[in-house]
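> My questions concern the predicted model and sequence given below.
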Amino acid sequence: MGQKDKKKEKKKPVTKYTESGIPLKRLYTPDDLKDLDYERDLGGPGEYPFTRGIHPSMYTERLWTVRQYAGFGSSEDANKRYKFLIDQGQSGLNVAMDLPTQLGYDSDSSHAQGEVGRVGVAIDTLDDMENIFKGIPLGKISAAFTINAPASIILAMYTVVAEKQGVPRDQIRGTVQNDILKEYIARGTFIFPPTESIRLACDIIEYCQKESPRFNAISISGHMNCAGAYSVQTAAYMCLNALVYLDELVKRGISAEKIASVLAFMTTMKANFFENIATVRALRRKWAKIMKEDYGIDNKRAQTLRIMLPADTGNLIIKQPLNNITRTTLRALSAVLAGAQAIAIPCYDEAFAIPNEESSRISLMIHQIIAHETGIPDVADPLGGSYYVETLTNQCEEKMNEIIDDVRSRGGMLKLIEKGEIQRQMTSQLYQYQKSIQEGKTIVMGLNKYALKDEDISKYEGELHEYDNTIMDRQIEKLKKVKAGRDNEKTEKALKELEDAFRGSENMMHYMIEAVKSYASIGEIVGTLEKITGGRFRAPTGV
């Protein structure tokens with residue numbers, strides 16, 4: 001072939017893919033949507049199948065709830081930060097707890113060494129919960145708790161504090177994450193075996209449905225996103241996990257419609273802007289179809305998928321940390337365009353420290369700038385009808401269907417989690433993702449592209465939140481005082497009643513409330529339950 005012929009030869013187009021492996025075209029046209037039926041596939045906002053959002057007005061009348069994830073040190077430290085965030089315009093609290101609390105250890109446990117108050121606030125007893133919300137009116141502001149294995153204990157404490165403030169149980173608002181299944185897959189902060197864990201999670205849902213209907217008893221969570229799952233896969237797993245809880249509660253005699261009406265969802269927004277939006281739209285539509293077609297539910301409230309969308313902290317990097325502001329802004333924007341009910345934006349310094357007040361304020365301002373300067377919230381679902389977005393939404397739903405059908409054909413989500421198959425799959429995918437970054441196939445600015453040589457981030461060190469090494473000693477001393485000052489006979493009686501109830505089949509929430517009222521500690525309550533489960537559960541690893 002001559003030189004002239006070579007010049008005339010057309011280059012083959014390079015096929016690009018989303019993070020979920022969906023192939024992309026260079027251009028999308030009406031031909032890509034020739035089979036689209038508006039009423040069947042889209043509908044208006046607030047109409048089945050809720051592709052365009054769950055409320056007719058969306059943000060034109062009410063903006064999303066701002067929930068910055070915060071908490072560190074002692075309950076007094078956390079209280080100060082929460083009051084600062086409220087003063088800066090935050091409309092809902094999102095409480096971070098330290099690892100000992102998440103794992104059901106008291107601050108004086110040998111397992112808590114070096115971790116007390118480090119990545120969240122330390123909560124040992126009701127006294128800590130009282131201090132966290134001192135001067136914060138729980139009748140006017142709601143709180144979300146990123147807690148799973150000890151979620152029933154934390155909810156019990158929150159309930160008692162709210163009641164002491166004069167808030168009736170049926171008026172208490174907030175959320176406990178309470179999605180223990182994703183802990184086995186992604187995060188690992190489980191305590192009990194799956195069967196007992198699902199029982200406790202469902203006890204919370206049953207209790208709230210009857211006594212605290214304004215409280216979100218579970219937030220089906222997409223932490224698999226951070227553990228190796230791609231976005232569409234995460235969405236499919238969230239649906240499957242939700243159905244495990246729903247089916248268990250149906251066995252208890254509660255209608256699927258009532259249960260579905262109180263479920264909430266949460267997943268992180270990753271780097272691919274349009275795939276984030278399309279995945280959430282597809283997830284809403286898929287969930288509505290499952291409720292209507294599989295469970296025969298016609299109630300709109302029960303068909304709608306209410307979702308919180310935080311940005312993925314796993315995408316933040318230490319190098320050139322101010323670039324993280326751009327990353328989180330774009331993820332927040334995709335969450336708004338996806339139609340989230342609540343949004344959380346991590347702070348730029350969260351890649352290497354507990355956020356300081358300045359970085360927290362910047363994250364809050366991202367919400368406020370999008371809300372008040374861009375005009376984006378002025379119309380409902382501004383991307384609706386986009387050739388690209390609607391095509392990608394359809395493709396995401398198709399891929400979700402394939403994943404759901406595959407899991408069901410292999411025995412269902414719970415069985416695969418118990419066997420460790422989902423965990424092994426996540427580990428393999430996470431390895432491949434990290435490998436692609438190291439090889440430069442996945443570009444991360446400042447890390448493997450346009451990195452600065454000999455970058456010095458010491459200029460940020462003066463602004464870093466510093467861990468207070470006295471926190472553990474102070475927390476242990478406070479725990480000792482609480483135990484010395486409580487009615488120990490009352491505490492022992494409450495713990496014995498808790499143990500007896502767990503041996504049976506009663507709902508555990510009322511027993512949890514009585515235990516925390518007696519100032520039993522988290523470690524004492526977990527230790528009581530461990531007597532029945534035979535100690536802590538060791539799950540199959542993902543290796």
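Noted; the coordinates are in hand. What you are looking at is a predicted structure, and each value in this text was computed from that prediction instead of being measured.

> Now the longest helix seen in the chain - C-alpha only, CSV.
For the chain, the helix with the greatest residue count under DSSP state H is helix 387-409. Provided in CSV are the C-alpha atoms of helix 387-409 (Å, rounded to 0.1, in the frame of the first residue of the first chain):
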residue,chain,number,x,y,z
TYR,A,387,-30.4,10.8,23.8
TYR,A,388,-27.3,9.8,25.6
VAL,A,389,-28.6,9.7,29.2
GLU,A,390,-31.8,7.8,28.3
THR,A,391,-29.9,5.3,26.2
LEU,A,392,-27.3,4.8,29.0
THR,A,393,-30.1,4.5,31.6
ASN,A,394,-31.7,1.7,29.5
GLN,A,395,-28.3,-0.1,29.2
CYS,A,396,-27.7,0.2,32.9
GLU,A,397,-31.0,-1.4,33.7
GLU,A,398,-30.3,-4.2,31.2
LYS,A,399,-27.0,-4.9,32.9
MET,A,400,-28.7,-4.8,36.3
ASN,A,401,-31.2,-7.4,35.1
GLU,A,402,-28.4,-9.7,34.0
ILE,A,403,-26.6,-9.4,37.4
ILE,A,404,-29.8,-10.0,39.4
ASP,A,405,-30.8,-13.0,37.4
ASP,A,406,-27.3,-14.4,37.7
VAL,A,407,-27.2,-14.1,41.5
ARG,A,408,-30.7,-15.6,41.8
SER,A,409,-29.7,-18.5,39.6
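
> Could you tell me which other helices and strands it packs against?
helix 231-251, helix 273-289 (3 or more C-beta pairs under 8 Å, 6 or more residues apart in numbering; DSSP states H and E). Where C-beta positions appear, they are placed from N, C-alpha and C, glycine not excepted.

> Please state the offset of the helix or strand just after that helix from the chain centre?
Using DSSP states H and E, the helix or strand that follows helix 387-409 towards the C-terminus is helix 413-419. Relative to its parent chain, helix 413-419 has a centroid offset of 21 Å by C-alpha atoms, centre = their mean, to the nearest Å.

> From the contact counts, what lies against helix 413-419?
helix 181-182, helix 194-211, helix 231-251, helix 421-438.

> Most tightly packed of the helices and strands packed on helix 387-409?
By mean neighbour count, with neighbours taken as mean count of other C-beta atoms under 10 Å, helix 273-289 ranks first of the helices and strands packed on helix 387-409 at a mean of 25.

> what does the average pLDDT come to for that helix?
Average pLDDT, helix 273-289: 97.

> what's the answer for stretch 228-245, then?
Across stretch 228-245, pLDDT averages out at 96.

> now do stretch 508-516
Averaging pLDDT along stretch 508-516 gives 98.

> do you know which of the helices and strands packed on helix 387-409 lies nearest Ala112?
Closest to Ala112 of the helices and strands packed on helix 387-409 is helix 231-251 (C-beta to C-beta; 28.9 Å).

> State the mean pLDDT of the helix or strand that the closest one is followed by.
Where DSSP H and E defines the elements, the next helix or strand beyond helix 231-251 is helix 256-260. Averaging pLDDT along helix 256-260 gives 95.

> Pull the residues that contact helix 256-260.
With C-beta atoms under 8 Å, 6 or more residues apart in numbering as the test, helix 256-260 has contacts from 205, 209, 245-246, 249-250, 291, 295, 297, 299, 302-303.

> picking that back up, do you know which of the helices and strands packed on helix 413-419 lies nearest Glu350?
Among the helices and strands packed on helix 413-419, helix 421-438 comes nearest to Glu350, with 19.2 Å by C-beta to C-beta.

> which outside residues touch the closest one?
Contacts for helix 421-438 (C-beta under 8 Å, 6+ apart): 184-186, 224, 227-230, 237, 410, 413, 416-417, 442, 444, 447-448, 539-543.

> What subset of those residues is buried?
Buried members of those, scored by 16 or more other C-beta atoms under 10 Å, are 184-186, 224, 227-230, 237, 413, 416-417, 442, 444, 447, 539, 542.

> mind checking the end-to-end distance for stretch 66-81?
Chord length of stretch 66-81, first to last residue, is 15 Å (C-alpha to C-alpha, to the nearest Å).

> Correction: the previous question concerned stretch 99-108.
End-to-end for stretch 99-108, by C-alpha to C-alpha: 13 Å.
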